[in-house]
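Chemist: got a sequence here, can you build the structure:
(2 chains)
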Amino acid sequence: MDRDRIDLSALDPSRDAERWEAMVRATAARGMDARLPSARVLAELVAGWRPALALAAAVAVLAWVPSLLAARRDAATAAAAPADPVLSTASWALRARSPTAADLVASLGEDHADR
Amino acid sequence: MQDRGSLPEAGPGAKRPAAMANDEPEPTRALVARVRAGDSRAAELLVRRHLRAAYAVALSVVRDVAEAEDVAQDAFAIALSRLDTCRDPDRFSGWLLRIVRRQSLNAAVRARGRRATLELSAAADVGVPGAAERGDLRARLLAALDRLTPAQREVVLLHDLEGFTHLEIAEALDMSEVSSRQHLFNARRALRALLDGSAPPEALHGP
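Modeler: Residues are numbered from 1 along each chain as shown, chains lettered A, B, ... in the order given. Okay, the predicted model is just below:
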């Protein structure tokens, strides 16, 4: 204990313990309230992460469907298309075989079959 | 700076409120980390541990008990809201007291404007005895503190009211321990003389 100490207890706000405690709580609450906005933004970002990801996935699927359908349509068209007459003729020549009537129809295309 | 969280609660400056008894030795660094994580209970502990020091510094500047309480609370709330900018939580006390001092100086400037207005209107009240003459101890102390230099006020309030050591004062107020001891010596001598009513005004500020 310092004997030279000046007694300043008359200026001590914590002499009134109840009032001091209220002051402590109010100050802490104010400080934490002021901290909340940044913490809340962070929490909202974290909470919104999954829905945002799900939404992005749904948008990606929706954007992909038309191109998927277009690709399938192109594939079907390509399958129905007549074979290239040049390639067919070259193939017959290489294999040294005569084309059948069906080969000729397929090579020329169905449009020519009626003619 | 030694963490005030690990200091024994001793001396008049250590006449802590009863609730302080539960606030044992969790280091300030740990409390700061908990507050940063959003722990309101830790904020309360931190405030309970350091609000008196904040008040002491505020009082040394604004020299008005109610104003000092307000400033200390405002400054502490600001400190908590900006806690993420406290780079060294072990030096939380010094960081906080710098904020308190800044807030106090701003408040003092505002108060000076108000006081000037009041003094003009009270100029005719010469016969009314001042607070010091009324014998009110608090007013006498404040009047005596008013005669000290700002550094003397800060040191004597932190040491004799809050119970800071010279090492803590030195680190919190950016001065040497020797300066802190010297300011305390001069402040006490001047305060005693003023409170005894035997103060030669020219001797108040010491060598």
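Chemist: need the helix or strand of the chain with the lowest average pLDDT.
Modeler: In the absence of a named chain, chain A is used. Ranked by mean pLDDT, DSSP states H and E, the weakest helix or strand in chain A is helix A:101-108, scoring a mean of 76.
Chemist: oops, chain B please
Modeler: For chain B, using mean pLDDT, DSSP H and E, the weakest element among its helices and strands is helix B:92-121, scoring a mean of 81.
Chemist: for the least confident helix or strand of chain A, name the packing helices and strands.
Modeler: The elements that helix A:101-108 packs onto, with contact taken as 3 or more CB pairs under 8 Å, 6 or more residues apart in numbering or on different chains; DSSP states H and E, are helix A:85-95. C-beta here means a position set from N, CA and C on the backbone, and glycine is covered the same way.
Chemist: give the buried residues for the helix it packs on.
Modeler: Residues A:88, A:92 are the ones in helix A:85-95 that count as buried (16 or more other CB atoms under 10 Å in any protein chain shown).
Chemist: my guess is B:Tyr83 contacts A:Met32, does it?
Modeler: Actually, residue B:83 is Leu. It isn't Tyr. No - with the criterion set as CB atoms under 8 Å, B:Leu83 and A:Met32 do not qualify as a contacting pair; they are 9.9 Å apart.
Chemist: who touches both of those two?
Modeler: Taking CB atoms under 8 Å, 6 or more residues apart in numbering or on different chains as the contact rule, the neighbours common to B:Leu83 and A:Met32 are B:Val35.
Chemist: so which bits of chain A are right by chain B?
Modeler: By the rule CB under 8 Å from any CB of the partner chain, the part of chain A lying against chain B is A:1-2, A:4-15, A:17, A:20-21, A:23-32, A:34-35, A:39.
Chemist: show the buried residues in those residues.
Modeler: Buried residues within the residues of chain A next to chain B, counting neighbours by 16+ other CB under 10 Å: A:5-6, A:8-9, A:11-14, A:20-21, A:23-25, A:27-32, A:34-35.
Chemist: and B:Gly38, helix, strand or coil?
Modeler: coil (DSSP: H, G, I helix; E, B strand; the rest coil).
Chemist: can you get me a residue count around B:Leu157?
Modeler: Neighbour count for B:Leu157, taken as other CB atoms under 10 Å in any protein chain shown: 28.
Chemist: and it, what's its pLDDT?
Modeler: Looking at B:Leu157, its pLDDT reads 94.
Chemist: how near is it to B:Glu69?
Modeler: From B:Leu157 over to B:Glu69 the distance is 13 Å, taken as CB to CB, to the nearest Å.
Chemist: whatever residue of chain A ends up closest to chain B: what's it in contact with?
Modeler: Distance from chain B to each residue of chain A (CB to the nearest CB) is smallest for A:Gly31, at 2.6 Å. With contact set as CB under 8 Å, 6+ apart, A:Gly31 has these partners: B:43, B:47, B:76-81.
Chemist: which intervals of chain B have sub-threshold pLDDT?
Modeler: Counting by pLDDT under 70, the low-confidence segments of chain B come to B:1-24, B:114-135, B:198-207.
Chemist: can you name the residue of it nearest chain A?
Modeler: Counting by CB to the nearest CB, chain B gets nearest chain A through B:Leu80, at 2.6 Å.
Chemist: contacting residues around the helix or strand that residue falls within?
Modeler: Of the helices and strands defined by DSSP states H and E, B:Leu80 is found in helix B:65-81. Under the criterion CB under 8 Å, 6+ apart, residues A:11, A:13, A:23, A:26-28, A:30-32, A:34-35, B:35, B:43, B:46-47, B:50-51, B:54-55, B:57-59, B:61-62, B:86, B:95-96, B:99-100, B:102-104, B:107, B:111, B:138, B:142 lie in contact with helix B:65-81.
Chemist: quick one: neighbours of the nearest residue to B:Arg102 once chain neighbours are set aside, just the number.
Modeler: On the basis of CB to CB, 6 or more residues apart in numbering or on different chains, the spatially nearest residue to B:Arg102 that is not a chain neighbour turns out to be B:Ala75, at 7.7 Å. The number of residues packed around B:Ala75, counting by other CB under 10 Å, is 27.
Chemist: can you check A:Ala96 too?
Modeler: As a burial measure, the neighbour count of A:Ala96 was computed by other CB under 10 Å and equals 6.
Chemist: show me the contacts for it.
Modeler: By CB under 8 Å, 6+ apart, the contact set of A:Ala96 is empty.
Chemist: again, but for B:Ala43
Modeler: Neighbour list for B:Ala43: A:28, A:31-32, B:35, B:80 [criterion: CB under 8 Å, 6+ apart].
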